[in-house]
Structures are given as C-alpha cells and as structure tokens.
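Trainee: Sequence and predicted model, in that order:
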Amino acid sequence: MTAPLTDSFADPIDMQNRLFAELSRMFGGEVPLYDKAQLVNQICNKTICALLSQLHIGFSVSDEQLDKASGERHGAIRIGTPSEYRWVARFFGAFGLEPHNYYDMSNVGSRSQPIVATAFRSMLHPEHRVFTSLLMTDYFDPQTRARIESLLATRQVFSERAKELITKNERQGGLDWQDATQLIREGVDRIFRWTGNARDLSLYTDLCDAGFKIAADIACFESHHLNHLTPNTLCIDLYTAAMKFCLGEWTREQFRHRALVVLARLVPFADRDWLRLHFKHLLPAQSQAFRAGCPAEGTIAQLAESLTRRLEQPDLGLHVLDHSGFKDVTEGPSHDTPVLLRQDAYRALTEPVLFRESDGSVVESEHTARFGEIEERFYATTPSGRDLYDRCLAAAEAERDQNPDLDTRDIDAYEAMYAKPFAPFPKTLRELLEQKLVYGHFSVTDKGLAAAAASAEAEMPTDIIALVRLGYVDYEGMRYEDFLPVSAAGIFASNLNQYGTKSTAPTKPTYTQAMFEELIGKRIIDADAVCRAVQAESMKEVFRHLGVLHRLSASERSDLDLAIAANPVSSVAAKARARTAIGV
Ligand code: OOG
Ligand code: NI
C-alpha cells in the first residue's frame, strides 16, 4: 500500500480550529443565550483593546485579529463506557488533541463524583481543549450498575462512517480535507450534539432520586453532548459585570461603577507580560516594540459610558431569554493574582427532553445540565506555586463562608476580602519567576551576548534570576493550559444542582492513572513535566550562549538534564518557538 503524500493531509491544528468553530456555531444555534454571551464578550473585549492601545503605543487589533485571538474554546463531555471513550480519544487524535493530566473526581471529599477524567489538547500552545470524563459504574451498587451498563450497551454514538474515518486517519497518518471535513461533520452533527432525545425515563428518575444525577446525565442520552463550550475573555471581571447587567441582575449605576473600577485597575496590571498572555499569537519582538503609554484624561470614564450604552441596546436585553441567572462569584485566584485560571458562568438552563421509551411511547420531560462558562487564563504554576495557591484558596474560601452574601451586597468589599488571603502571592511575572512559583521561558539578550564577549568568564553569574536582573536574559511566562480539579468538581456540583455523589458499592473503589490509561488505550501526558522541560531547555540554551554552562554545579546541571530527559517529546524548545504571528 502506498501512503499519500503527507502534504495532502489537512493540518491537525487547522482541523482543530475548524472543529471548534463549528461546535461553537452549533452550540449557539441550540442555545440563544450562548450566542448572545459571545457578543457581550466581544463587545467587552473591544473596550479592553481600546484601553490597551493607549497603554501600549503601537498596539492595535482588527476585528478579524480579535476574533482569532478569542476563538479559543474548551468543552466538556461525559462518556459512559471505556469503549466509547477509546473512540473519543482516537477521534481527538485526528485533531492533534492528546490526553493531558489525570483528574480523579471520585476523590475530592464531599464533592466526589463517579468520574475519572483527562483533558485533550495539543501539547504546545494549545488552541482548544476538551475535559473528557468517564463514568465509573463500579462506584454504584450492583443493581444500579447493571441497569446503567445495560442501557449504555445499546447505544451507538459513533457511526460506522466516523469509525472508518478515524481508522483511516491512523492508518495513513492524516486525513485529506475532504475526509477531515466529513469527520468534523460527524462530530458536530452527531457525536457531540445535543438532541433533546433521551431514553428510559424510569432509570433517569430513579438515578436522579437516588442522587446519581451525573449517571442520569450520561446514561440516558444518545450522544456525548457538550455540556459547555467555554470561550476565553480578555477581562473576566468586565464580562461578568456586563452579563449581570444584561441579564437584569444589576442596575445601570452598579454596572458603570464596576466598569470604572475594573478598567482603572487594568492600567497598572495589563503590562507587556499580560499582553503576551492574552494575545498568545503575539510574538515577543512585536510586543517589545510597543512603547508604554498613559491613557488620556477621561478615557476610562468615556469607555465605561460607551460600553454601558452599547449593553443597553435592545439586542442585548438578555433578561427576555430563558435563563437561570449568573453565578454569584468568580472561581479561582483573586483578581490581582495572575496564576492558573479564573472562571465564571451563567447557570445551567432547564431544557425540554423527549424520552422515547422501548414500548414506543414518548414522554415529555426536562433536564438541567448545559451552562455557559467563560474563563481567563494566566501563568502556569510550579508545584510550589500550586501549593501556595491551594493554601491561599482554602483561606479565601473560608473567608467567603464567613461572609456568605457579601458579594451581592458589596462587590468591592467582597473582592478585597477574597484578595487578602492571596497577599502572599506576588503579582508580577518577574516576582513570580524570582520566587519560582511559575514556569518561565528564558532567552539571552543582545546585552547578555555583548557582556559575555567583553567580560571575564568568572564575572558572569550562573543564576538565571541574577542574569535577568542584569538585563542579560529576557523571560516569558508560560500560560496555564489545564484544569483545576476543585473547580471542575464545583462545576459538576453546580450544573447538576448536586454537591457530590456518594459511592454505593459494597466497597468504594479506588482508581489510578495507570488503570485509566489502560481503559482508554492512551498514555496521559504530564503537563507539568512539559513545562519543566521547556523551562530547563531554555535555561540550558541561555547558559550555553553566555559560556557558563560548564560552571554550573554538577547537581544544577543534572537537574536541568533530568527535566529535559523527562520531556514527553524531544526538542520542545524548537517547537515552542514555531508559532505563527497574527500581525498585531
Ligand atoms: C466537567 C467540568 C470541568 C472545567 O472548566 O473545570 C470543566 C464537566 O462538567 O463535565 O470544564
Ligand atoms: Ni469548563
């Protein structure tokens, strides 16, 4: 058999972008509120860009570029059986989406669910991701388990054509655009589509009554319907305020006040590093060419006023649409701590469902699961950064529990209260790197090279932070590209309106990553190991360029080499640089 020329294959990243754009269109067609929320986000993002162009002289973004920068999505799907899961994993494989990190949701205290999961994404500079859960039926008593499994055994989510295309992709090592387009259609029209059709009302009712809503959400439906599809935003605080205003939860005055606060604090916060995080297609050289500017007198008041006017237009009167309100508080770090990610959402909608029973009868009912999340991503933490985050978060949540509705009474006071426990966290990339709380990518500067050529070898420091301070080395943060088990658990809890699901098995099963990998037929990539390797490779390059590699201590050198060797793909650094600019 002769394989077609590789050139004739569609680029998996282009396929990914096409798939997620189509999924987003599908979701918007099904849920009008989702489409409107996109529009609110776009309008808020434009306001932010208007401010950014005054903070960074030379920065400007066309509508098209902004669409590209904000086209990123993450979805969440919940799968019923290992066999279905293997098909899903292979489907994603055709789009260059590989499993990253293991999430054991059966082990998060009172929020536990019968779920283990991983997230599919590209390893470097991911554009999109899907949090993909597997229902673990052995979490339940034998009778419930048998009922769930026998219903699941009779559904066929992947068509024969989809399976053929997936197999063809693996055999050939790619798909041409004709096949790729068909596979995308299979995903959008069938595999991930919400049909509103369900089966076995009595099982559905029994599972819900017994507190197993998650199992009902998975077993009684005919597809792996997306339960949310999350875009990113340039400023989650502005967006959530705008949504609350458009949904009729906030008055004009409340919104305007909030917009002023949020825009004003972006002035010091949205520095060059912030810009690189939020416009991931921007090349370092492009961002370095911008000059620092200062907004003209009255700019912020003007921006807030025109944003308010736009959101007041009838097309954004979202209160007339079916909705269940917006969440009260944003999850994640405080507004001033740029690590990991911050998320918020409009609450899950109650949607009509038709149960088609085995005796041919059709029963009308409803189901609440699909909701509208949004997120803003920041720097990826090292294990010690993550540890600090977990501690700060626990303290902030304890404060929140002490003051249950401060957020609705006084948002400014709430924010100050929530930010206080995060005070130990530095607020700038430079300090975060100095304290080794986040990962960085380092590169030597012209000044560094000149110094290396001019000065005696022994005078050149071998400490990366010392080199940064001297201006010999430049740095970039790495963006956090994964999920947080605690907030994922909160999402299951809030959109199913159920805090956790207790195991009813004779003995509660425990799950391991190795077991899950066996079930899904793929090795899971450790995202942390990739970040550590990228950082180590960049540091080694810097030391080599400055001629000091041999002066590192044996243990420093072996730390770098071990991190690099643990890298799931070789030559990450080379690939890390190969990204496309959007010409901002
Ligand atoms: C999984 C939720 C996980 C997130 O943003 O943490 C997730 C689910 O609800 O199925 O999407
Ligand atoms: Ni999500």
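Mentor: Right, received. Where do you want to start? Ligands and ions are numbered 1, 2, ... in the order given.
Trainee: Would you mind naming what in the stretch 201-350 of the chain lies close to ligand 2?
Mentor: The stretch 201-350 of the chain has residues residue 230 near ligand 2, with proximity defined as C-beta under 5 Å from the ion. Where C-beta positions appear, they are placed from N, C-alpha and C, glycine not excepted.
Trainee: all helices for the stretch 151-300 of the chain, in order.
Mentor: When secondary structure is read from DSSP state H, counting those that start in this stretch, the stretch 151-300 of the chain shows helices at 160-172, 177-186, 201-209, 213-219, 236-246, 252-269, 272-278, 284-289, 299-311.
Trainee: So which of these is nearest residue 518?
Mentor: Each of the helices of the stretch 151-300 of the chain was checked against residue 518 via C-beta to C-beta, and the shortest separation belongs to helix 160-172, namely 19.1 Å.
Trainee: helices and strands around that closest one, which ones?
Mentor: Helix 160-172 is packed against helix 82-93, helix 177-186, with contacts defined by 3 or more C-beta pairs under 8 Å, 6 or more residues apart in numbering; DSSP states H and E.
Trainee: Can you tell me which of these is most buried?
Mentor: For the helices and strands packed on helix 160-172, the stretch with the most neighbours on average is helix 82-93, a mean of 20; neighbours defined as mean count of other C-beta atoms under 10 Å.
Trainee: which other residues reach that helix?
Mentor: 77, 79, 98-99, 120, 130, 132, 134, 152, 157-158, 162-163, 166, 169-170, 183, 187, 191, 224, 519-522 (C-beta atoms under 8 Å, 6 or more residues apart in numbering).
Trainee: is ligand 1 contacted by it?
Mentor: No: for helix 82-93 and ligand 1, the contact criterion (C-beta under 6 Å from any ligand atom) is not met; the two come no nearer than 13.2 Å.
Trainee: Compute the mean per-residue pLDDT across that helix, please.
Mentor: Here helix 82-93 scores 98 as its mean pLDDT.
Trainee: got it, and stretch 447-467?
Mentor: Per-residue pLDDT over stretch 447-467 has a mean of 93.
Trainee: Count the residues that sit near the spatially closest residue to residue 186 that is not a sequence neighbour.
Mentor: Leaving aside its sequence neighbours, residue 186 sits nearest to residue 162 (C-beta to C-beta, 6 or more residues apart in numbering; 4.0 Å). The burial metric for residue 162, expressed as a neighbour count using other C-beta atoms under 10 Å, is 20.
Trainee: Now do residue 162, the pLDDT please.
Mentor: Here the pLDDT value assigned to residue 162 is 98.
Trainee: which ones are touching it?
Mentor: Residue 162 makes contact with 87, 91, 183, 186, 190-191, according to C-beta under 8 Å, 6+ apart.
Trainee: closest to ligand 2 among those residues?
Mentor: Closest to ligand 2 out of these is residue 191 (18.5 Å), distances taken as C-beta to the ion.
Trainee: Up against ligand 1, what does the stretch 101-250 of the chain have?
Mentor: That would be 131, 133, 227, which are the residues of the stretch 101-250 of the chain within reach of ligand 1 (C-beta under 6 Å from any ligand atom).
Trainee: and what of the chain?
Mentor: Proximity of the chain to ligand 1 is confined to 76, 78, 131, 133, 227, 343, 373, 483, 487-488, 491-492 under the rule C-beta under 6 Å from any ligand atom.
Trainee: Filter the residues you listed down to the buried ones and express that as a PyMOL selection.
Mentor: Entered in PyMOL, the line below selects the buried ones among those, by 16 or more other C-beta atoms under 10 Å:
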select buried, resi 76+78+131+133+227+343+373+483+487+488+491+492
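Trainee: Sort out for me which of the residues of the chain next to ligand 1 are in helices.
Mentor: Taking DSSP state H as the definition of helices, those contribute 487-488, 491-492.
Trainee: Just list the residues touching the residue in the stretch 201-350 of the chain that ligand 1 sits nearest to, thanks.
Mentor: Closest approach between the stretch 201-350 of the chain and ligand 1, counting by C-beta to the nearest ligand atom: residue 227, at 5.4 Å. The neighbours of residue 227, taking C-beta under 8 Å, 6+ apart as the test, are 76-78, 217, 369-371, 495.
Trainee: what's the spacing between the nearest residue to residue 81 once chain neighbours are set aside and ligand 2?
Mentor: Closest residue to residue 81 apart from its sequence neighbours, by C-beta to C-beta, 6+ apart: residue 152 at 5.3 Å. Taken as C-beta to the ion, to the nearest Å, the spacing of residue 152 relative to ligand 2 amounts to 24 Å.
Trainee: now do residue 528
Mentor: Looking at residue 528 against ligand 2, where the rule is C-beta to the ion, the gap reads 20 Å.
Trainee: helix or strand for that residue, which one?
Mentor: In the assignment (DSSP states H and E), residue 528 maps to helix 527-545.
Trainee: how far out from the middle of the chain is that helix?
Mentor: Mean C-alpha position of helix 527-545 versus that of the full chain (C-alpha atoms, centre = their mean, to the nearest Å) differs by 24 Å.
Trainee: helices and strands around that helix, which ones?
Mentor: Helices and strands touching helix 527-545, as assessed by 3+ C-beta pairs under 8 Å, 6+ apart, comprise strand 440-444, helix 446-454, helix 464-470, helix 554-565, helix 572-577.
Trainee: Return the most buried member of these.
Mentor: The highest mean neighbour count among the helices and strands packed on helix 527-545, using mean count of other C-beta under 10 Å, belongs to strand 440-444: a mean of 21.
Trainee: which secondary element of the protein has the worst mean pLDDT?
Mentor: Averaged element by element with mean pLDDT, DSSP states H and E, the chain has its least confident helix or strand at helix 572-577 (a mean of 46).
Trainee: if we can go back for a sec, using CSV, lay out the helices and strands packed on helix 160-172 together with distance to ligand 2.
Mentor: Rendered in CSV, the data for these read as follows (distance: least, C-beta to the ion, whole Å):
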stretch, distance to ligand 2
helix 82-93, 16
helix 177-186, 22
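Trainee: count of neighbours near residue 503?
Mentor: Based on other C-beta under 10 Å, the number of other residues close to residue 503 is 16.
Trainee: Which residue, neighbours along the chain excluded, lies closest to it?
Mentor: The spatially closest residue to residue 503, leaving aside those adjacent along the chain, is residue 139, at 4.8 Å (C-beta to C-beta, 6+ apart).
Trainee: check contacts around the one you found.
Mentor: By C-beta under 8 Å, 6+ apart, the residues touching residue 139 are 106, 114, 501, 503-505, 508-509.
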